[in-house]
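Engineer: quick one, what's the 3D model for this:
(one chain, ligands or ions: 3)
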Amino acid sequence: MSNPSLLILPGDGIGPEVMVQVRRIIDWYGDKRSLAFDVSEDLVGGAAYDKHGTPLHDDTMARAQAVDAVLLGSVGGPQYDDVDFALKPERGLLRLRKEMDLFANLRPAQCFDALADFSSLKRDVVAGLDIMIVRELTSGIYFGEPRGIFEEDGQRVGINTQRYTENEIDRVARSAFELARKRGNKVCSMEKANVMESGILWREVVQRVHDTDYPDVELTHMYADAGAMQLCRNPKQFDVIVTDNLFGDLLSDAAAMLTGSLGMLPSASLGAPMANGRPKALYEPVHGSAPDIAGQGKANPIACILSFAMALRYSFDQGDEAARLEAAVEKVLADGLRTADLLGEENVTPVSTSQMGDAILAALDSSL
Ligand code: NAD
Ligand code: IPM
Ligand code: MN
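Structural biologist: Ligands and ions are numbered 1, 2, ... in the order given. Next up, the predicted model:
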């Protein structure tokens, strides 16, 4: 049988820097665990725009559709501020999500014990935190029509449309309930049914899916603004949170800071199962291209490394190997290694991106 295929799209800014460390880990699995991947690499975002004049070449799109999983670094940067909106780096990522129909974006926020003091919240509020945000990723205000900037009564008006069909809500709700059954068996759905019709429909459909097929899972509903407040007040009350595209974007960045740094949060964007039974999948850190630190060897590679761990779990049926990698990350953090984003008031010298990679590889070696 041929090896599973993996398309790597490092992208822009710190994307290529953190991806170098992930490549070393992928190679380690081939050498030490006989878990070899057919890895290919391509351009996305500003890097693709610079070469092809488009943030995602059609050939790259076709390759992404054909592989078992895609691993993406990050896209964007200030050098593309003046680029035409349709050609901005971010459009390449949005096209991948939309055309691969990756409707369920899993964004786990776990607080490793060694980092509980780095959160902006008190240790006892975040220690042991383990929540999963399921963000709808292919619809809502990111994609709804009409959209654009139009002339109206002698002035310009900017329009975006929040739009959800019942089916779109139904399928992401199912993803959330399925995940909850494997975790704490609780789902909290967040919308703004008090002010938005799409929120009313969201709440109704999530409740219906629950009552029909998942009555064993505990379901609660919360307005998204109150949800943001509760995430800061008492985040450990949550297990799985299911929410729309825009609220999920905001809530997951907020949840990132509970864990200590945006540089820690991985994600999996999953679609429907392919012919081989695996979901269409793209794995990417939650963070962006971090232009302020790009090119300085300071980036924390852990979010991207943990995104590969999610690929091992969700695309390649290697839950044990995913757990091995997560444990290696936990070990280096417990040993006191910190990239610059994780430095609090403590008097610790930060390690570089590649030193963090070295340490995680050493921890993997010692796990054998
Ligand atoms: P960002 O996530 O790039 O950076 C926010 C802050 O977090 C910065 O101070 C940055 O240095 C820090 N940070 C982020 N990741 C880090 C890491 N791994 N290690 C250490 N520090 C890290 O968000 P931004 O500044 O709002 O956006 C910059 C660009 O990235 C924009 O063009 C934006 O559109 C793009 N972006 C892309 C993605 C993606 O590719 N998935 C996600 C978010 C933002
Ligand atoms: C994210 C990012 C993206 C989003 C951008 C870069 C398109 O912020 O993945 O969280 O808004 O979804
Ligand atoms: Mn975001």
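Engineer: check which residues of stretch 359-368 are buried.
Structural biologist: Ala359, Ile360, Leu361, Ala363, Leu364 (16 or more other C-beta atoms under 10 Å). All C-beta spots, glycine's among them, are computed from the backbone N, C-alpha and C.
Engineer: mean confidence score for that stretch?
Structural biologist: Mean per-residue pLDDT for stretch 359-368: 98.
Engineer: please name the nearest non-neighbouring residue to Ala255.
Structural biologist: Distances taken as C-beta to C-beta, 6 or more residues apart in numbering put Ala109 closest to Ala255, at 3.9 Å, once the chain neighbours are dropped.
Engineer: who in this structure is up against ligand 1?
Structural biologist: 14, 74-77, 90, 93, 262-263, 284, 287-293, 299-300, 303, 341 (C-beta under 6 Å from any ligand atom).
Engineer: what bridges to the residue nearest to Ala255?
Structural biologist: On the basis of DSSP bridges, Ala109 is bridged to Ile131.
Engineer: thought it was touching Ala256?
Structural biologist: Yes - Ala109 lies in contact with Ala256 (C-beta atoms under 8 Å); the separation is 6.5 Å.
Engineer: sorry, back to before: residues near the residue nearest to Ala255, how many?
Structural biologist: 26 (other C-beta atoms under 10 Å).
Engineer: where does the residue in the stretch 151-300 of the chain positioned nearest to ligand 2 fall, secondary structure wise?
Structural biologist: Per C-beta to the nearest ligand atom, Asp249 is where the stretch 151-300 of the chain lies closest to ligand 2, at 4.7 Å. Asp249 is part of helix 245-258 when elements are defined by DSSP states H and E.
Engineer: hey, C-alpha coordinates of that helix in PDB?
Structural biologist: Written as PDB, here are the backbone C-alpha positions of helix 245-258 (Å, rounded to 0.1, in the frame of the first residue of the first chain):
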ATOM      1  CA  ASN A 245     -17.900  31.300  11.400                       C
ATOM      2  CA  LEU A 246     -17.400  34.800  12.700                       C
ATOM      3  CA  PHE A 247     -18.200  34.200  16.300                       C
ATOM      4  CA  GLY A 248     -15.900  31.100  16.200                       C
ATOM      5  CA  ASP A 249     -13.100  33.200  14.800                       C
ATOM      6  CA  LEU A 250     -13.300  35.700  17.700                       C
ATOM      7  CA  LEU A 251     -14.000  33.200  20.500                       C
ATOM      8  CA  SER A 252     -11.100  31.000  19.500                       C
ATOM      9  CA  ASP A 253      -8.600  33.800  19.500                       C
ATOM     10  CA  ALA A 254      -9.900  34.700  23.000                       C
ATOM     11  CA  ALA A 255      -9.600  31.100  24.100                       C
ATOM     12  CA  ALA A 256      -6.000  31.000  22.800                       C
ATOM     13  CA  MET A 257      -5.000  33.500  25.500                       C
ATOM     14  CA  LEU A 258      -6.400  31.200  28.200                       C
END
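Engineer: what is it packed up against?
Structural biologist: Judged by 3 or more C-beta pairs under 8 Å, 6 or more residues apart in numbering; DSSP states H and E, helix 245-258 is in contact with strand 104-110, strand 130-136, strand 186-191, helix 224-233.
Engineer: just how off-centre is the longest helix along the chain within its chain?
Structural biologist: In the chain, ranked by residue count with DSSP state H as the criterion, the top helix is helix 15-33. Centroid displacement of helix 15-33 relative to its chain, using C-alpha atoms, centre = their mean, to the nearest Å, is 19 Å.
Engineer: in it, what counts as buried?
Structural biologist: 15-19, 21-26, 28-29.
Engineer: and which of the residues you listed is nearest to Asp211?
Structural biologist: The closest of the buried residues of helix 15-33 to Asp211 turns out to be Val22 (C-beta to C-beta; 41.6 Å).
Engineer: does the closest one touch Ile305 like I think?
Structural biologist: Yes - here Val22 reaches Ile305: they are 5.7 Å apart, a contact under C-beta under 8 Å.
Engineer: the helices in this structure, which residues?
Structural biologist: 15-33, 46-52, 58-66, 89-99, 123-126, 166-181, 197-213, 224-233, 245-258, 302-314, 319-334, 353-366.
Engineer: quick one: contacts for the closest residue to ligand 2 within the stretch 51-200 of the chain?
Structural biologist: Using C-beta to the nearest ligand atom, the single residue of the stretch 51-200 of the chain nearest to ligand 2 is Glu90, 4.0 Å away. For Glu90, the contacting residues are Gly45, Pro55, Val75, Gly76, by C-beta atoms under 8 Å, 6 or more residues apart in numbering.
Engineer: columns pLDDT and distance to Ser354 on top of the residues you listed, output as JSON lines?
Structural biologist: Output for those, formatted as JSON lines (pLDDT from 0 to 100; distance: C-beta to C-beta, whole Å):
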{"residue": "Gly45", "pLDDT": "98", "distance to Ser354": "22"}
{"residue": "Pro55", "pLDDT": "98", "distance to Ser354": "28"}
{"residue": "Val75", "pLDDT": "98", "distance to Ser354": "22"}
{"residue": "Gly76", "pLDDT": "98", "distance to Ser354": "23"}
